[in-house]
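# Here is my input; please provide its structure:
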Amino acid sequence: MTLRATGSFKVSLNPLDLNEVGDNEMRARISINKQFSGDLEASSVGEMLSAMGSVKGSAGYVAIEHVTGTLQGRKGSFILQHTGTMNRGAPSLSVTVVPDSGTGQLAGISGSLSIDIREGVHYYGLDYRLEGLS
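The predicted model follows:
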């Protein structure tokens, strides 16, 4: 059975140094810190790598985020993997729970997370399954 958790989150992004810097560098490395509220009461820490394209509105990013807290009453943690692309302003985003990354009462979690930004507020929808729940 697929369950759904919804709510909002606040995010703080901070630039980090790249390990190596090339000529005309178009990449960035950024720390991610989030505070989730709603069905997911949690905090997360992560890191993002991004790159800009040569055309305005084109970019890509990947990120890994470790989420720790309570999901609809179940305590534990899990890891999210982000893959995002902006193709001349058209966005595409995939955020997936890393297989076998769940701990505690969230062991066996799988699923995906969607993000929607409305009037400056970040909202999430987490569609997930937990082993042992039917």
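# Residue ranges in this protein under the pLDDT threshold?
Along the chain, segments meeting pLDDT under 70 span 133-134.
# what secondary structure does the residue of the chain positioned farthest from its centre sit in?
No residue in the chain sits farther from the centre than residue 23, which is 29.6 Å out by Cα atoms, centre = their mean. Following DSSP: H, G, I helix; E, B strand; the rest coil, the label given to residue 23 is coil.
# ok, residue 121 to residue 17 distance?
31 Å (Cβ to Cβ, to the nearest Å). Every residue, glycine included, has its C-beta placed from N, CA and C.
# Compare the two (neighbour count), which wins?
Taking other Cβ atoms under 10 Å, residue 121 and residue 17 do not tie; residue 121 has more neighbours (10 against 7).
# Number of residues surrounding the nearest residue to that one once chain neighbours are set aside?
Spatial nearest neighbour of residue 121, chain neighbours left out: residue 8 (5.8 Å); criterion: Cβ to Cβ, 6 or more residues apart in numbering. Residue 8 has 15 neighbours, counted by other Cβ under 10 Å.
# Same check on residue 34?
Neighbours of residue 34 using other Cβ under 10 Å come to 19.
# And for residue 14?
By other Cβ under 10 Å, neighbour count at residue 14 equals 8.
# element containing it?
In the assignment (DSSP states H and E), residue 14 maps to strand 3-16.
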